[in-house]
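> Compute the structure for the input listed below.
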Amino acid sequence: AVLPPSPLLAEQAGTGTSSSRKRDSVIARNRPKLTLSLYPAPHVPGGWLGIFSQPLSQRSLQRKLAALGLTFQGVVDETRHELARRYLDDPARSVTEITFLLGFSEQSAFTRAFRRWSGMTPSAYRGPSFG
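This is a model prediction of the structure:
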């Protein structure tokens, strides 16, 4: 299923400009790396940033994101939001499971974050057909 664009990314990246297309492209290319950042880093030099073919220091990544008007936390939040919507669309996954898949320590923290991202709770997003 294709997910609708998130207002968080639109807010951070702007809309319709070549600059926003460049930002979207950077995020799309780096989404797998950013998704991995939700999990504890492996025991390798540089953690997750050190396991790719072109290692990137944390500061270099911050500079590149800043040049695009983005923050690492903003991109991680956007990635979590997209993953949350995908997981919530799967009736086999409980909200508790999704909470931990996304790296939240408590369901209440996930619920607050999801409400901030989408304006509704995870249960409201799922609707009555999941109840």
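> thought residue 118 was touching residue 81?
Yes - counting by C-beta atoms under 8 Å, residue 118 does reach residue 81; the two are 7.1 Å apart. C-betas here are computed from N, CA, C, even on glycine.
> Name the residue in those two with the higher neighbour count.
More neighbours surround residue 81 than the other of residue 118 and residue 81, with 21 against 18 (other C-beta atoms under 10 Å).
> for residue 93, phi and psi?
phi -100, psi 130 (degrees, to the nearest 10).
> likewise the one 10 residues further on?
Reported as degrees, to the nearest 10, the phi and psi values for residue 103 are phi 90, psi 20.
> Next, the distance between the ends of stretch 65-73.
10 Å (C-alpha to C-alpha, to the nearest Å).
> in the chain, which helix or strand is least confident?
Least confident helix or strand, the chain: helix 7-13 with a mean of 44, by mean pLDDT, DSSP states H and E.
> where does the protein dip in pLDDT?
1-23, 26-27, 30-56, 129-131 (pLDDT under 70).
> quick one: the helices in it?
Using DSSP state H, the helices of the chain run over 7-13, 18-36, 58-67, 72-88, 95-101, 107-118, 122-126.
> Can you name every helix or strand that the last one contacts?
On a contact count with 3 or more C-beta pairs under 8 Å, 6 or more residues apart in numbering; DSSP states H and E, helix 122-126 meets helix 72-88, helix 95-101, helix 107-118.
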